[in-house]
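Q: Return a 3D structure for these sequence lines:
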Amino acid sequence: MAPTREIQRGEGKIGCVVSLLVLAFIIAVGAKIVPYAWSVEQLRDSSDELASRAGLLADDTIRAQLRAKAKELEIPEALEPNAIVLRRAGSASEGSIVIELHFKREIDFYGAYSFIWTTDKRVFKPFIDAR
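A: Below you'll find the model as predicted:
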């Protein structure tokens with residue numbers, strides 16, 4: 001006599017539940033980290049673009065534009081003093097610029113765990129005054 005479906009055991013249920021819990025955990029963590037990481041990368045891209053035009057722009061203009069971008073991207077840590085550091089080397093007509101981004105944010109994972117995200121990005125570009 002062949003076994004019927006009524007007496008078969010459903011042993012795959014626990015594996016499915018565990019897989020769904022792991023997937024839910026990954027999605028919950030990603031929902032906290034990915035938006036902030038994307039914003040920081042956008043700010044770094046903006047600093048790279050502004051460093052490329054350093055021969056035409058004054059330091060105060062570059063700093064103001066980076067602060068405006070940080071405000072737009074909702075990164076208040078980048079608005080603090082010394083979070084955005086600019087250094088030039090060389091003469092006014094040609095040289096190089098270094099833009100450094102230094103700030104930290106505490107990312108809270110729904111009250112269960114918190115993580116300090118440290119951003120230390122550096123952009124180095126040579127420039128020639130094209131005026």
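
Q: Low-confidence bits of the protein, can you list those?
A: 1-12, 92, 129-131 (pLDDT under 70).

Q: could you pull out the helices for it?
A: Counting by DSSP state H, one finds helices in the chain at the ranges 13-52, 59-72.

Q: mind checking which of those helices is nearest residue 116?
A: helix 13-52 (12.0 Å; C-beta to C-beta). In short, each C-beta sits where N, CA and C put it, glycine included.

Q: The closest one packs against which elements?
A: Counting contacts by 3 or more C-beta pairs under 8 Å, 6 or more residues apart in numbering; DSSP states H and E, helix 13-52 is packed against helix 59-72, strand 94-109, strand 113-128.

Q: Just put these in a markdown table and tack on mean neighbour count and distance to residue 32.
A: Below are the helices and strands packed on helix 13-52 laid out as a markdown table (neighbours: other C-beta atoms under 10 Å; distance: least, C-beta to C-beta, whole Å):
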| stretch | mean neighbour count | distance to residue 32 |
| --- | --- | --- |
| helix 59-72 | 15 | 19 |
| strand 94-109 | 16 | 6 |
| strand 113-128 | 13 | 9 |
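
Q: Kindly reformat the ones you listed as CSV containing distance to residue 24.
A: Putting the helices and strands packed on helix 13-52 into CSV (distance: least, C-beta to C-beta, whole Å) gives the following:
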stretch, distance to residue 24
helix 59-72, 32
strand 94-109, 13
strand 113-128, 16
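
Q: Residue 84 is nearest to which of those?
A: That would be, of these and by C-beta to C-beta, helix 59-72, which comes in at 5.2 Å.
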